[in-house]
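A.B. asks: the following block contains a protein sequence and its predicted model.
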Amino acid sequence: MTTLSNRGSEIIRDYLRTYPNINHTALARTICTHHPGLYRNEESVRRMVRKIVKEPEFLNKPEGRTPFNFPEAVTENQASTFFFPKKDNRKILTIADPHLPYYSRPSFELAVDLGLKRGITTILCLGDFFDFPTLSRFLRNPAIGDLPEELEMGKEVWTQIRKIYGDEVEIFWLYGNHDYHFERYLWTDAPRLFGIEDFELRSILDLDDLNIQTIPDKWDIRVTDNLSALHGHQITFGTAINPAYALYRKFKDNAIMGHVHKSSHYSTRTGTGSTISTWTVASLSLLRPEFMPVNEWQNGCMYIETEGEEFQVENFQFIKNKVYHA
């Protein structure tokens, strides 16, 4: 009879065989995300990883053997990659930047409807699901925004999305810089509450019950081995006429990105004959916020089909409540 402990250890061994070069923190995060509820927390998985990598199977690998025997480096502050669970094909509705409570409800509903019509298997939120104006470091009108109401709205929206699409659709939420305001607030204003599970967004929003997988910021997502996804605040490129071109200049690989609230595309052919393409997806937020009423923001979403390592991207823009290819 296989015990839960043995099962958890075998899963870790399988991931170490599949991703032999990933750092322990990233591996623990990926395993916890792919197997919610199986392990106590990421730190417990990391401790198990540290123990298992000392087993002969992993210790004696040529790439892991060294005559110097230095201790393992601390990697907690290093950016890592999250890997989508392997599947033969996916139909992915990609949304970005709703900035609740300042979301565009008509645009959000257009995106949800498009996903239903395409028969999606996966939803990917590229960050800034929340705006968290009351926690922002920027000066905001104190009469606008109420944190409990914002959190309750977010819980209601995720609950409704799960209700609309059912239990079979996978949902991934990559944190953007605004989503991270909540955790940073705990760091600076309530450090004694940081790390207590009941004060994490996952618990407050009941995301475990909704089976919604969260991915912290400063990570990119590997949708396939040939396509990455990121929020975008990790890449600083200033104001760009074509943000997808700026993404290519920084990332230099196939990628999609949110953050800029604007749909764009860039494609180029390398000297070896390969094609690299980058896209940015428009936002689902209101377009004329008080702090910056004049801007070039757009509403829209993205649809991605994958088959093995191949992928096809359709970028959409919403204009006057109608859907157009961007």
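C.D. replies: It's in.

A.B. asks: in this protein, which helix or strand is least confident?
C.D. replies: Every helix and strand in the chain was compared by mean pLDDT, DSSP states H and E; the lowest is helix 56-59, with a mean of 79.

A.B. asks: ok, for residue 131, nearest residue in space, not its chain neighbours?
C.D. replies: In space, and not counting its chain neighbours, residue 131 is closest to residue 99: 3.9 Å by Cβ to Cβ, 6 or more residues apart in numbering. The way it works is simple: take the backbone N, C-alpha and C, and place the C-beta from them, glycine included.

A.B. asks: ok, residue 225 next?
C.D. replies: residue 309 (5.1 Å).

A.B. asks: quick one: the helices in the stretch 101-250 of the chain?
C.D. replies: Ranges of helices in the stretch 101-250 of the chain, per DSSP state H, counting those that start in this stretch, are 105-118, 147-165, 181-189, 201-204, 207-210, 243-251.

A.B. asks: could you dump those helices into JSON lines and include mean neighbour count, mean pLDDT and distance to residue 136?
C.D. replies: Rendered in JSON lines, the data for the helices of the stretch 101-250 of the chain read as follows (neighbours: other Cβ atoms under 10 Å; pLDDT from 0 to 100; distance: least, Cβ to Cβ, whole Å):
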{"stretch": "helix 105-118", "mean neighbour count": "17", "mean pLDDT": "98", "distance to residue 136": "22"}
{"stretch": "helix 147-165", "mean neighbour count": "16", "mean pLDDT": "96", "distance to residue 136": "11"}
{"stretch": "helix 181-189", "mean neighbour count": "15", "mean pLDDT": "83", "distance to residue 136": "6"}
{"stretch": "helix 201-204", "mean neighbour count": "16", "mean pLDDT": "91", "distance to residue 136": "16"}
{"stretch": "helix 207-210", "mean neighbour count": "16", "mean pLDDT": "94", "distance to residue 136": "23"}
{"stretch": "helix 243-251", "mean neighbour count": "20", "mean pLDDT": "94", "distance to residue 136": "22"}
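
A.B. asks: please report the number of neighbouring residues for the residue nearest to residue 131.
C.D. replies: Taking other Cβ atoms under 10 Å as the neighbour definition, residue 99 ends up with a count of 23.

A.B. asks: quick revisit: ok, which of the helices of the stretch 101-250 of the chain comes nearest residue 88?
C.D. replies: Distance to residue 88, taken as Cβ to Cβ, is lowest for helix 105-118 among the helices of the stretch 101-250 of the chain, at 17.4 Å.

A.B. asks: pull the CA atoms of the closest one into CSV?
C.D. replies: What follows is the C-alpha trace of helix 105-118 in CSV, where atoms were taken according to Å, rounded to 0.1, in the frame of the first residue of the first chain:
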residue,chain,number,x,y,z
ARG,A,105,-17.7,44.8,-17.2
PRO,A,106,-18.8,44.9,-20.9
SER,A,107,-15.3,44.0,-22.0
PHE,A,108,-14.9,41.3,-19.4
GLU,A,109,-18.2,39.7,-20.6
LEU,A,110,-17.0,39.9,-24.2
ALA,A,111,-13.9,38.0,-23.2
VAL,A,112,-15.9,35.4,-21.3
ASP,A,113,-18.3,34.9,-24.2
LEU,A,114,-15.4,34.5,-26.6
GLY,A,115,-14.0,31.8,-24.4
LEU,A,116,-17.3,30.0,-24.4
LYS,A,117,-17.7,30.1,-28.1
ARG,A,118,-14.1,28.8,-28.6
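
A.B. asks: number of nearby residues for residue 179?
C.D. replies: Number of residues near residue 179 (other Cβ under 10 Å) recorded here: 24.

A.B. asks: what do you get for residue 130?
C.D. replies: 27.

A.B. asks: with the one 3 residues further on instead?
C.D. replies: Look at residue 133: counted by other Cβ under 10 Å, it has 22 neighbours.

A.B. asks: tell me where the stretch 1-150 of the chain is predicted with low confidence.
C.D. replies: By pLDDT under 70, the low-scoring segments of the stretch 1-150 of the chain are 1-4, 60-67, 69, 72, 74-77, 137-145.

A.B. asks: picking up where we left off before, so the residue nearest to residue 225 is in contact with residue 254, correct?
C.D. replies: No. Contact between residue 309 and residue 254 fails when scored by Cβ atoms under 8 Å: they sit 10.5 Å apart.

A.B. asks: more neighbours: the two, which one.
C.D. replies: A direct count of neighbours by other Cβ under 10 Å for residue 309 and residue 254 places residue 254 higher, at 22 against 9.

A.B. asks: and the pLDDT for the residue nearest to the more buried one when sequence neighbours are not counted?
C.D. replies: Leaving aside its chain neighbours, residue 254 sits nearest to residue 227 (4.9 Å; criterion: Cβ to Cβ, 6+ apart). The predicted structure scores residue 227 at 96 on the pLDDT scale.
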